[in-house]
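# Sequence and predicted model, in that order:
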Amino acid sequence: MSISQWTAEKDELIRVSSHFYHKGWMVGTSGNLSVRVAPDTFLITASGRPKGMLGDEDLVSVKGLYELPGPSGNGRKPSAEVSIHQAIYSELREANAVFHIHSVESNIVSEWASDHSVLLPPLEMIKGLGVKDPSLGYRIDVLENHLDVSRIALDLKRLFAQDQVFNEFHLPAFLIRHHGLTVWGNDVLEAFHRIELLEYVFRFMVAMGPSGSTPPMAGFH
Ligand SMILES: CSCCC(=O)C(=O)COP(=O)(O)O
Ligand SMILES: [Zn+2]
């Protein structure tokens, strides 16, 4: 009898995936989630699985942060976007959970990028990303989408290599244009909170519109 490993971590990712699915952020097979279980090993959702109804076998382990992994023992393939997770875990020691979702709002906001980033509104919520003063003008990076996912991972590594990523004005998150939001945290709960609060910020931005102000309501002057 084989004793399955990391059952608590798998259960946690299955619960988070189901929650995000019901929010409309991981519709169908979209999005992927991972959690680090050792310095160079993480569990990640298998590719092409329905994110609202994952089972234990839909979480596969990946050992190594630099080479693309093959299929797991049960024939499941790691997420097609595994190289993005590898890039984050290899470059950021503080990242122990990485969540990637496809929400409508994050894709709308990604269209408003200028100079590869979007300015976030000075909402109190942004403090949940670890910043002290939301009024200072925080921007979220926007990477180009590429069919070849390893190109996105390479662009991300380049971004991490630039000093400003590590200064306090950069956030533990980025958008891929017309694709979705990726966030990391010190643990599953932190990544979970960060996804939820950024999605709140994006909903606010979409309600305000690209100019950042709501149109006057008919009948009010
Ligand atoms: C239908 S979503 C297209 C692929 C994608 O962007 C994604 O997030 C899911 O890919 P995975 O291989 O992780 O299932
Ligand atoms: Zn994706």
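Good, I have the coordinates. Ligands and ions are numbered 1, 2, ... in the order given.

# residues in contact with Glu9?
Val35, Val37, Leu43, Leu59, Val188 (CB atoms under 8 Å, 6 or more residues apart in numbering). No exception for glycine: its C-beta is placed from N, CA and C like everyone else's.

# Out of these, who's the most crowded?
Most neighbours among those, by other CB atoms under 10 Å: Leu59, with 28 neighbours.

# for it, what are its contacts?
Each residue near Leu59 by CB under 8 Å, 6+ apart is listed here: Trp6, Glu9, Lys10, Leu13, Ile14, Leu43, Ile44, Thr45, Ala46.

# Which residue, other than its chain neighbours, is closest to it?
Lys10 (4.4 Å; CB to CB, 6 or more residues apart in numbering).

# Surely that neighbour and Asp56 touch.
Yes: under the criterion of CB atoms under 8 Å, Lys10 lies in contact with Asp56, with a separation of 5.3 Å.

# Doesn't Thr45 belong to a strand?
Yes: counting by DSSP: H, G, I helix; E, B strand; the rest coil, Thr45 is part of a strand.

# any idea how far Pro121 is from it?
31 Å (CB to CB, to the nearest Å).

# which of the two has more neighbours?
Neighbour tally, Thr45 and Pro121, criterion other CB under 10 Å: the higher count belongs to Thr45, 29 against 15.

# what secondary structure does Val183 sit in?
Secondary structure, three-state DSSP: Val183 is strand.

# contacting residues around it?
Val98, Phe99, His100, Pro172, Ala173, Ala191, Arg194, Ile195, Leu198.

# neighbours of the fourth one, just the number please.
Read it as Pro172. If you count neighbours by other CB under 10 Å, Pro172 ends up with 21.

# show me what contacts the residue nearest to it when sequence neighbours are not counted?
Closest residue to Pro172 apart from its sequence neighbours, by CB to CB, 6+ apart: Trp184 at 5.3 Å. Taking CB under 8 Å, 6+ apart, we find Trp184 in contact with Ile88, Leu92, Ala95, Asn96, Ala97, Val98, Phe99, Pro172, Ala173, Ala191, Arg194.

# for Pro122, same thing?
Listed by CB under 8 Å, 6+ apart, the contact set of Pro122 reads Pro134, Ser135, Leu136, Gly137.

# Now do the strands in this protein.
32-38, 41-45, 59-63, 97-101, 117-119, 139-143, 173-176, 180-185 (DSSP state E).

# got the angle between the third one and strand 32-38?
Counting by axes from the mean of the first three to the mean of the last three CA atoms, to 10 degrees, strand 59-63 points 50 degrees away from the direction of strand 32-38.
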